[in-house]
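Student: here's a sequence, model it:
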Amino acid sequence: MIERELTFRIMRYNPDEPEKKPHLQEFHLTEEPGMSLFVVLNKLREEQDPTLRFDFVCRASICGSCGMLVNGRPTLACKTLTKDLPDVTTLLPLPVFKLLGDLSVDTGVWFRDMSFRTESWVHTDETFDPDAPEKRMDNAVALEIYEAERCIECGCCIGGCATANIKPDFIGAAGVNRVARFMVDPRDKRTEREYFEVVGNEDGVFGCIGLMACDDNCPVGVPLRDQLAYVRRKMASAGWRYQKV
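Tutor: Model prediction:
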């Protein structure tokens, strides 16, 4: 097997040093069997430049920390194998989110704000009884909720969304998916009209322009296109009735 010499053009920028403009720095590395971008970045930081900043936790496509643009496409570094990349690869941080430095962005603040805006908790008038037996849920409904809950909040759908890149208040596919999760949850007692007040606007479900980059780029395969269609259909119906009242 012929070993490839790989070149990585990585964006470097430290917000604490605003006088230094963002720029691409080239790194060179010999490819190894089974090598992922996660391994590449760690080797570069350990062997070539300890100041290189990027995020990682699990390296198993669970935590969502290592989202970045790989040759312009949002994806996870831990899930990207070098064998699938060309000899020269460009790595950039995900757009939309606050840049912490180099490839590191703050997705946490964005997702926390989105959770508050979409009121991501079960709305019910029932008093919680810790001693009461757990209520049973139909398996089909539980699976619908599970599909939405598989989102790892990596931000790839947001980074690849044209609307989110030009409208900072747009909740994106991640937000719509979160709303869908509670819409199908029988424990949540909100009406369609109450949901409409939260998400039935241009910063919500009607802000999507339908490019579906979110669905294409989701690294764990959450059915974002189906979730968008479901919520938009519900909100269009609720909006029509709301206007008639």
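Student: name the element the nearest residue to K79 once chain neighbours are set aside belongs to?
Tutor: In space, not counting the residues next to it along the chain, K79 is nearest to S61; the distance is 4.9 Å by Cβ to Cβ, 6 or more residues apart in numbering. (Each C-beta comes from the backbone N, C-alpha and C, glycine too.) When secondary structure is defined using DSSP states H and E, no element contains S61, which sits outside every helix and strand.
Student: spit out the contact partners of S61.
Tutor: If you count contacts by Cβ atoms under 8 Å, 6 or more residues apart in numbering, S61 has them with 76, 78-79, 152, 219-220.
Student: residue closest to the middle of the chain?
Tutor: With the centre of the chain defined as its mean C-alpha position, the nearest residue by Cα atoms, centre = their mean is G155, 2.3 Å away.
Student: have a look at the chain and report its longest helix.
Tutor: helix 224-244 (DSSP state H).
Student: now that helix: buried residues?
Tutor: Applying a neighbour-count criterion of 16 or more other Cβ atoms under 10 Å, one finds 224-225, 227-228, 230-232, 234-235, 238-239 buried in helix 224-244.
Student: go on, stretch 78-94?
Tutor: Buried residues in stretch 78-94, counted by 16+ other Cβ under 10 Å: 78-80, 82, 85, 89, 91-94.
Student: now, those that are in strands?
Tutor: Within these, residues falling in strands by DSSP state E are 89, 91-92.
Student: now stretch 96-112, how far from the centre of its chain.
Tutor: Offset of stretch 96-112 from its chain centre (Cα atoms, centre = their mean, to the nearest Å): 11 Å.
Student: name the residues that touch stretch 41-60?
Tutor: Defining contact as Cβ under 8 Å, 6+ apart, one finds that stretch 41-60 is touched by 8, 10, 12, 25, 27, 29, 36, 38, 63, 65-66, 68, 77-78, 100-105.
Student: what's the average pLDDT for that stretch?
Tutor: In this model, stretch 41-60 has a mean pLDDT of 96.
Student: low pLDDT regions in the chain?
Tutor: Low-confidence regions of the chain, defined by pLDDT under 70, span residues 1, 243-245.
Student: and it, split by domain according to the record?
Tutor: Following automatic domain parsing, one gets these domains for the chain: 5-105, 118-244.
Student: which among these is found nearest to R112?
Tutor: Comparing the domains of the chain against R112 with Cβ to Cβ, the closest turns out to be domain 118-244 (9.9 Å).
Student: and D226, how close does it get to V109?
Tutor: Distance, D226 to V109, using Cβ to Cβ, to the nearest Å: 28 Å.
Student: and D185, by the same measure?
Tutor: 26 Å.
Student: ok, the two, which is more surrounded?
Tutor: For the pair D185 and V109, the greater number of neighbours falls to D185 (19 against 10), based on other Cβ atoms under 10 Å.
Student: pick the one among the buried residues of stretch 78-94 closest to N139.
Tutor: When the buried residues of stretch 78-94 are ranked by distance to N139 (Cβ to Cβ), K79 comes first, at 29.4 Å.
Student: and the contacts of stretch 41-60, which are buried?
Tutor: Neighbour counting with 16+ other Cβ under 10 Å marks 8, 10, 12, 27, 29, 36, 38, 63, 65-66, 68, 77-78, 100-105 as buried within those.
Student: so can I have a markdown table of the ones in strands among the buried residues of stretch 78-94 showing distance to I166?
Tutor: Supplementary listing: those in a markdown table, determined by distance: Cβ to Cβ, whole Å:
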| residue | distance to I166 |
| --- | --- |
| T89 | 27 |
| L91 | 23 |
| L92 | 18 |
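Student: V40: neighbour count?
Tutor: When neighbours are counted by other Cβ under 10 Å, V40 comes out with 23.
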